[in-house]
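> Just the structure for this:
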Amino acid sequence: MKKVLLYGEFTPKSTTGIAYMNSILERSLINLGYKVKKIIEPRTKDYYKKRKIIKKNFNLKDFIKLFFFLIFTKKHDISFITISMGNIGLVKTAIIQFLLSLKSHRIYLYVHRGDLNKNFNSSIYKKFIISLILKNAFKVIFLSKIFKENNKIKSLEDKVIILPNALGEEDCYTSKRLFNIKKSKIKKSKNKKIINFLYFGNIQKEKGINNILKAIKIINNNNKGYRVKLDVYGMNFEDINFEHDFIEYKGKLETKERLKYMSKYDCLITASLNEGLPMILIESLSIGLPFITTKVGAIEDLLINNYPYVCDIDILSIKDKIHQFCIDLNNNKIKLIKIIIENNNLFLNKFEYSIFEKNIKEYIY
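Sure, this is the predicted structure:
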């Protein structure tokens, strides 16, 4: 039996997309006959500390414990690690990758974000560290062909694997039921005076949360036909003011039953400056939840032809797309149902768990 070391965040202790995909990767490797040993990223502890804003800590003591743990770990066949793009994160990635190289024959490096090339060219320091990390990887996993085309780094030659994110096996079963409920609910719905929007992601400026809040405030101040209510879920990395009517921060949305919670809303909204291949949009495709989004990172892979609710990052564009969706929800249900059916077909053809496991079987050996 082949043995795997899998380093990173995992559900349920972390609610990030990376944690979700690490957990899916673990399950698929086990299904394919691998023996998996998880190594928990020490930073996961920060997510559960009782304070309003999550701080980025080095967690030195935990990393020292991790060092000794790996020293006494037996040799494995392969290992996985995710690259972190921050200044400290890159150093941690390089150190852990080196330790994993002592305990595994081949290292697979996951790149979950779309800004590798931007970071690579941002400074001599980052160029050196990223080059070292890429050189030491056996294979580099990108989420989309878009990232391969956009990251022309010499160290990547002949190393790239394209492995898109996917929904987990149990969630795929759940999503089919929720999709049918959502489709029926839209058909039967009458004109709504309050339209419920969902934001689910890290709470930080680069995710566009400030402009979303301002756009909704403008709509609710100037529009008499309906009101937009926004519930915000996610880990809070910055001090954001949620003190507006019809806007409420509701904390973290745990991985368990999150699809059920998401399906209660009329629309998901995000306006990020940078992304990888967001799990939240894959989940929305699967359950028939329409979404408003910017087209950054690999989000293009998650959009049907002529998807109507793509916004720019500015307040006016976000406001216009919110208004467009609300009009469609109340006055053009046939259009909206057609959109969610096409969205769901895109999910079934590209982002189901069975497709992910097939790709793992093909690429990981």
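> how about Ile161, what does it touch?
By CB atoms under 8 Å, 6 or more residues apart in numbering, Ile161 lies in contact with Tyr108, Lys139, Val140, Ile141, Phe142, Tyr363. For every residue, glycine as well, the C-beta is placed using N, CA and C.
> Can you tell me the SS state at the spatially closest residue to the last one that is not a sequence neighbour?
If I follow you right, that is Tyr363. Once flanking residues are discounted, Tyr363 sits nearest to Ile161: 4.9 Å by CB to CB, 6 or more residues apart in numbering. At Ile161 the chain is in strand, as set by DSSP: H, G, I helix; E, B strand; the rest coil.
> The contacts of Ile161 in strands, which ones?
Members of the contacts of Ile161 lying in strands (criterion: DSSP state E): Tyr108, Lys139, Val140, Ile141, Phe142.
> For the stretch 51-200 of the chain, which residues score under the pLDDT cut-off?
Across the stretch 51-200 of the chain, the ranges flagged by pLDDT under 70 are 51-52, 54-58.
> Just confirm Asp231 is within a strand.
Yes. Applying three-state DSSP, one finds Asp231 inside a strand.
> Tell me how many other residues crowd Lys61.
A count of neighbours around Lys61, defined by other CB atoms under 10 Å, yields 9.
> should've said Asn150
With other CB under 10 Å as criterion, Asn150 counts 16.
> Go ahead and confirm it touches Asn117.
Yes. Counting by CB atoms under 8 Å, Asn150 does reach Asn117; the two are 5.9 Å apart.
> show me where this protein has strands.
Using DSSP E, strands in the chain cover 3-8, 35-40, 76-82, 104-111, 139-142, 160-162, 194-200, 227-233, 247-249, 267-269, 291-292.
> related to what we said a few turns ago, show me the beta-bridge partners of the residue nearest to Tyr363.
On the basis of DSSP bridges, Ile161 takes part in beta bridges with Ile141.
> longest helix anywhere in the chain?
helix 169-188 (DSSP state H).
> what packs against it?
helix 258-262, helix 279-287, helix 333-350, helix 353-363 (3 or more CB pairs under 8 Å, 6 or more residues apart in numbering; DSSP states H and E).
> Could you check how far the first one is from the centre of its chain?
Going back to what we said before, that points to helix 258-262. Between the centre of helix 258-262 and the centre of its host chain there is 15 Å, according to CA atoms, centre = their mean, to the nearest Å.
> who does it touch, helix- and strand-wise?
Under the contact rule (3+ CB pairs under 8 Å, 6+ apart), helix 258-262 is packed against helix 169-188, strand 194-200, helix 279-287.
> Select, out of those, the one closest to Ile81.
Nearest of the helices and strands packed on helix 258-262 to Ile81, taken as CB to CB: helix 279-287 at 19.0 Å.
> hmm, back to that, redo the ones in strands among the contacts of Ile161 as JSON lines? Include neighbour count.
Below are the ones in strands among the contacts of Ile161 laid out as JSON lines (neighbours: other CB atoms under 10 Å):
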{"residue": "Tyr108", "neighbour count": "24"}
{"residue": "Lys139", "neighbour count": "17"}
{"residue": "Val140", "neighbour count": "23"}
{"residue": "Ile141", "neighbour count": "24"}
{"residue": "Phe142", "neighbour count": "26"}
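> Arrange those in JSON lines, one row each, with distance to Asn305 as further columns.
Rendered in JSON lines, the data for the ones in strands among the contacts of Ile161 read as follows (distance: CB to CB, whole Å):
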{"residue": "Tyr108", "distance to Asn305": "33"}
{"residue": "Lys139", "distance to Asn305": "32"}
{"residue": "Val140", "distance to Asn305": "30"}
{"residue": "Ile141", "distance to Asn305": "27"}
{"residue": "Phe142", "distance to Asn305": "23"}
